Every structure is written in structure tokens, then in C-alpha cells.
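**Q** Dropping the sequence and predicted coords here.
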Amino acid sequence: MLVTDRKRCEIADAFRHVLKQLHIHFDEVRIDPHRLSSSPIPQAKRAFRKSNVIIAPTTKSISHSPETREARYKYGARVASMPGITPELFIKAMKADINKIRAVHEKLHRALKNVKSVHIISPSGTDLVIDMRRKKFMYEDNGDLSREGILNNIPFGEICAWIDKADGVVAIDVWKDKITSNMGAKIFVKNGTIVWWNKEAEVYVKNQMKAGVCGLKIVELGIGTNTSHKNPIGIVLHDEKIYGSVHIAFGGGGTRKCPIHQDVVMLKPTLYAGNKLIIKDGRFLSMSF
């Protein structure tokens, strides 16, 4: 299954060409380009149920859409999700050192097992404590799409966990091409919900509020592990994978239904898992693993 929300998409054209050359049967679905990221895609529901593999070079993400979740968890579909993908970004993604990324994931798996809390601090002003009790990190975004029901981004390289309880301040260093670290954008979180924000963060919060109250609720903690991603380019798909960065998302994901999911990125963070120092100023500390 090839799915896109663009009228013209070089990556979709390339996949279409190769699939035809290899005589591989595939269906194609064009979805609404005006939907919010990870909102429902009812026009794809029937096609997704019949798909073994879903390739999604889109503008808006389908990763957390209910139809994608059903295709994965009920029908075993494998999903390559590429919101915001460009030819240059795709080529760079294919050159990533998968073995290095997987090695980082293995170390993080050992370091973060059964952790009860995570504390994030950043030079821009982040000071956030996340309750990790009964939460598990996921390590599958490592370039391996061989298992049924798996989803990977392209580019890949992050570990993440579904979360719902956190308190403190998130200083946004990167959100798309709309917020950068020199702007001083901050959101304030109480018991997992955004309760206040400064003027610089208003563009992000207003976007979240399009989905209602659920768009203001924290849902994901992620750590970037792609060793080839070093600096932000204004595309979330890339920036959330920056090696040693941390990202937080609000909206839907996991078991929470909400028609939006947007990640904000913190650069050069310091991260404590319980009392264990995992990342210091954006650098993984080998002594912590």
C-alpha cells in the first residue's frame, strides 16, 4: 500500500516506479492534505486492512492514526512512516549506520529498564520531571521493518515511551520551522497538561488546541539516537532523531485517542533516569550504561 497526501511527491513517484519494475502488486490511497497529523484517515481504513506493508511519504503523519494502529495491531501490517520526507532526507536516512543506532538502543535498554522517573534539564530552560512508573520505553525505531506490526520512521533513530504524568517547564528549541531556540518559547505543564505558555510558544499551543483539550496533554517522551543527525533543519521527522536530543509530544498516541500529535525538540539536554545520569549536555555518557 502506497499512501500520500501530496499532489506531487518525488518519493511516492520513486516507490511507484520501483514497485512496478519489480512487478509487485500495490494499491494506492490519497488522503486529505488538510487533516491534522495523526488524525483519522477513514478513506484508508478498508485498504489498510488488506495491506501487508504500508509506505507513507506524506506531509502529515499517519503514525498514530486509528486506522494505522488497527492495521498494525489487528492485521500485522508493517509501516514505513515518512511525514515531511524530501528526496535529500530520504537519501541521508538510507546512509545511516544501523548498527550504531542499534548499539545505542541496546545500551539505553539496559540503562532505562524499570526506571520510575525521568528528569530533563536544558540550557534553554527546560526543567521537567516525568513519572515513568508502569511505563515502558520502545526501541523498535532502528531501521528494522521485518517484524509484523512494526512501525519505523524514515529517517529512523529514537526510543520513546507513552507517558501521561509530568510537571515542570518545557523550553522548545525546535518545532518545525516555526520555533527555534533563540525565540525562548516555553510551555508549563502540570499533572501532564499544558496550563500556561509564553507568547513565543503560542503558535505551538494554538495548533494543539485545534484538537481540543486532548491536544494539551502530554503523551510521549523520546530520545534521538541517529548518529548522523546533528543539527535541526525544521522538519520534525529529522529533528526528533538528533543524536542526544530529547523530544516531548502532546496529543494522541499509545492508547489515547486525539486527532493530533506534535513533537517539540530540546537540544543539548541533560537527562536523569532516577538518580542515574544518562545524557549530559546532549552527550550520552558511556559510564551510565
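**A** Great, that's in hand. Numbering: from 1, shown residues only.

**Q** When you work out contacts or count neighbours from here on, use the C-alpha atoms and nothing else.
**A** Noted.

**Q** Low-confidence ranges, the protein, go.
**A** Where the chain drops to pLDDT under 70, the residues are 286-289.

**Q** mind running it again at 90?
**A** Where the chain drops to pLDDT under 90, the residues are 6-8, 38, 285-289.

**Q** so how far is the host helix or strand of Arg110 off the chain centroid?
**A** Arg110 is located in helix 98-112, with elements delineated by DSSP states H and E. A distance of 17 Å separates the centroid of the chain from that of helix 98-112, by CA atoms, centre = their mean, to the nearest Å.

**Q** Partner strands of the following helix or strand past that helix, with direction?
**A** Scanning forward in sequence from helix 98-112 by DSSP H and E, the next helix or strand is strand 117-121. When pairing is defined by DSSP bridges, strand 117-121 lines up against strand 127-131 (antiparallel), strand 270-273 (antiparallel).

**Q** and Ala47, which of those is closest to it?
**A** Distance to Ala47, taken as CA to CA, is lowest for strand 127-131 among those, at 38.0 Å.

**Q** residue boundaries of the strands in the stretch 51-200 of the chain?
**A** 53-56, 78-81, 117-121, 127-131, 137-138, 151-153, 158-162, 166-175, 179-190, 193-197 (DSSP state E, counting those that start in this stretch).

**Q** and those strands as JSON lines, adding distance to Pro232?
**A** As requested, the strands of the stretch 51-200 of the chain are exported to JSON lines (distance: least, CA to CA, whole Å):
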{"stretch": "strand 53-56", "distance to Pro232": "22"}
{"stretch": "strand 78-81", "distance to Pro232": "19"}
{"stretch": "strand 117-121", "distance to Pro232": "19"}
{"stretch": "strand 127-131", "distance to Pro232": "21"}
{"stretch": "strand 137-138", "distance to Pro232": "23"}
{"stretch": "strand 151-153", "distance to Pro232": "17"}
{"stretch": "strand 158-162", "distance to Pro232": "15"}
{"stretch": "strand 166-175", "distance to Pro232": "7"}
{"stretch": "strand 179-190", "distance to Pro232": "9"}
{"stretch": "strand 193-197", "distance to Pro232": "23"}
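
**Q** Ok, which of those comes nearest Leu108?
**A** Across the strands of the stretch 51-200 of the chain, closest to Leu108 is strand 158-162 (CA to CA), at 8.5 Å.

**Q** Now do that closest one: which elements does it pack against?
**A** strand 137-138, strand 218-224 (3 or more CA pairs under 8 Å, 6 or more residues apart in numbering; DSSP states H and E).

**Q** Sheet-wise, list the partners of the last one with their directions.
**A** Yep, that's strand 218-224 we're talking about. Here strand 218-224 has these sheet partners by DSSP bridges: strand 158-162 (antiparallel), strand 246-253 (antiparallel).
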